[in-house]
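Give the three-dimensional model of this entry:
(one chain, ligands or ions: 1)
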Amino acid sequence: MQHKTIIEPFRIKSVEPISVGTEAERAQCLKDAHYNPFLLRSDNVVIDFMTDSGTSAMSARQWAGMMEGDEAYAGSRSWERMEREVRDLTSMQHILPTHQGRAAERIIYGHLGGPGKIFISNTHFDTTRANIEFSGATAIDIPIAENKDTALQHPFKGNMDIGELDRLLKEHKGNVGAVILTVTNNSGGGQPMSMANAEGIAAICNRHGVLFLLDCCRIAENSWFIKHREKDMEGLSYREIAQRMFALADGAVMSAKKDALVNMGGFLALKDDTLAEACINLLIITEGFATYGGLAGRDMEAIAIGLQEIFDPHYLDYRIKSTLFLGKKMHDLGVPLMLPIGGHAVYVDAKKLYPHIPPHEYPGQALVGELYVLGGIRTVEIGSVMFGTYNAEGTLQPAPMELVRLAIPRRVYTQSHIEYVVETFEEIMKRRSRIRGLRITKEPKFLRHFTAHFEPLS
Ligand code: F0G
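Next up, the predicted model:
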């Protein structure tokens, strides 16, 4: 029999209680947090969809592996396991362990960046952009044009605009730090990219003699989309698809907190000996010795095992289809979404949900507040709060899209949690015309969304 129901392909062995407060309590908590979800206490959150990063439930095998962690400063057995696993997956010679993705970013973009340098991506993730800009370099996003139309259906809406890449590489000849393919395109709606796109980028980078890097923290989820949507790919396993994509690149940055199913970890993988040597020096100065970086031996065990589990076809099928389940239910309610639904999250188009709130009054942040007060659901704005900039006159230059992301932690929530979220959206839809925007009362220079304070407009 072919079942229609997608079950969680695991049983629950250990549980963590959720405290469910009242709407009035949450309204006060939100006010105390200056209307910024990053400043909320997690004890006051019912469903935490802020991120899928570091929030996975580890398997019994991973927990058992942690007991075998070898905590030696140098030459640890756990490091050998992790290195073997990552090398087998990426076919890259040099593997540098880091405590999370942005540590790898700081090392590689700090080294390659600097004033006058240009980095080009389908869409830079916020920490990627921040590390590049912090070095003095410039980050340019060139997603395909279809990416900006949230309602448009396209199988690989996370793709990079290859024609524009070629043009930019000619224009900035000699100044390009690297071309970065973010797999999947997190800030661009969690959309996947095709193997053909990665092949095209690799060919152009080769021709221009420019470094091609993968920001690969959701590459297993991306492999699911390639296998099911791209011609001639269905015969390959998910792991083989990922291996093929890694083989095209000169290096990779991975936040293991996503597809490696761990709570902390990351790595930088490189082919080039000279570049690796420079990065290893920085690794030792800032993260730790080359055989642990910023990680404990037990973390490295969990990463090695997680990187195997993530390619399990039953797991990946459940993962992508359960995200789709939430997206479809919201779509049926008429919630404007980034379509098609991606792998790790559902993205709401807040500009369309609240057309009466202009970008400088942050429609996405307004929805984030509503979801929290009504359902205790914590989400994150990916719009003008995260990516807005000011011009010389101090006027806000809005982001291309005003999205709110519902990122789903891996192996954590069940179908009834999802139904509860859908029910909350029924109420959101009823109230949509009454909702007001916010203004920022305090903000830092970099990554302002983490710590900014807001005030609701009356
Ligand atoms: N690259 C991408 C595409 C990411 O999504 C993230 C993190 C990073 C790099 C940085 O990795 O957090 O381990 O330092 N994304 C998280 C998120 C934070 O919520 O999407 P990190």
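
Report the mean per-residue pLDDT for stretch 94-106.
If you average the pLDDT over stretch 94-106, you get 98.

Establish whether it and the ligand are in contact.
Yes - against the ligand, stretch 94-106 shows contacts by C-beta under 6 Å from any ligand atom at 100, 101, 102. C-beta here means a position set from N, CA and C on the backbone, and glycine is covered the same way.

and the residue lying closest to the first one once chain neighbours are set aside, bridged to which residues?
Once flanking residues are discounted, residue 100 sits nearest to residue 266: 4.6 Å by C-beta to C-beta, 6 or more residues apart in numbering. Beta-bridge pairing of residue 266 under DSSP bridges involves residue 98, residue 255.

ok, now which ones touch residue 266?
Going by C-beta atoms under 8 Å, 6 or more residues apart in numbering, residue 266 touches 97-104, 253-257.

do residue 91 as well
Here residue 91 is in contact with 243, 246, 247 (criterion: C-beta under 8 Å, 6+ apart).

Show only the entries of these found in helices.
243, 246, 247 (DSSP state H).

So the nearest residue to the last one once chain neighbours are set aside versus the ligand, what's the distance?
Same thing as residue 247. Nearest non-adjacent residue to residue 247, counting by C-beta to C-beta, 6+ apart: residue 91, 5.4 Å away. To the ligand, residue 91 is 21 Å away according to C-beta to the nearest ligand atom, to the nearest Å.

phi, psi of residue 91?
phi 60, psi 30 (degrees, to the nearest 10).

do the same with residue 389
phi -130, psi 170.

what does residue 377 give?
In terms of degrees, to the nearest 10, the main-chain angles of residue 377 are phi -90, psi 120.

which ones are touching it?
Residues near residue 377 by C-beta under 8 Å, 6+ apart: 45, 46, 47, 49, 371, 406, 421, 424.

just these now: which is nearest residue 339?
Minimum distance to residue 339 across those is 14.3 Å, recorded for residue 406 (C-beta to C-beta).

In three-state terms, label residue 381 for me.
strand (DSSP: H, G, I helix; E, B strand; the rest coil).

tell me the contacts of it?
Taking C-beta under 8 Å, 6+ apart as the test, what residue 381 contacts is 350, 362, 364, 365, 367, 368, 402, 403, 404, 405, 449.

From residue 187, how far out is the spatially closest residue to it that is not a sequence neighbour?
Once flanking residues are discounted, residue 381 sits nearest to residue 364: 3.7 Å by C-beta to C-beta, 6+ apart. Per C-beta to C-beta, to the nearest Å, residue 364 is found 13 Å from residue 187.

Between these two, which is the more surrounded one?
Neighbour totals were compared for residue 364 and residue 187, and residue 364 leads with 32 against 26 (other C-beta atoms under 10 Å).

Could you check the pLDDT of the residue of the stretch 151-300 of the chain found nearest the ligand?
Ranked by C-beta to the nearest ligand atom, the top residue of the stretch 151-300 of the chain for proximity to the ligand is residue 255, at 3.1 Å. As predicted, residue 255 sits at a pLDDT of 98.

can I assume it is in contact with residue 128?
No - applying C-beta atoms under 8 Å as the test, residue 255 and residue 128 come out as separate, 10.1 Å apart.

Give me the more crowded residue out of those two.
Per other C-beta under 10 Å, whichever of residue 255 and residue 128 has more neighbours is residue 255, with 28 against 24.

who's in contact with that one?
Residue 255 makes contact with 53, 100, 101, 102, 104, 217, 266, according to C-beta under 8 Å, 6+ apart.

Strands - which of these land there?
residue 266 (DSSP state E).

Which ones among the contacts of residue 255 lie within helices?
Using DSSP H, the contacts of residue 255 in helices are 101, 102, 104.

The last one contacts residue 96, doesn't it?
So the one you mean is residue 104. Yes - the pair residue 104 and residue 96 qualifies as a contact (C-beta under 8 Å) at a distance of 7.0 Å.

and the two? which has more neighbours close in?
residue 104 (30 against 26).
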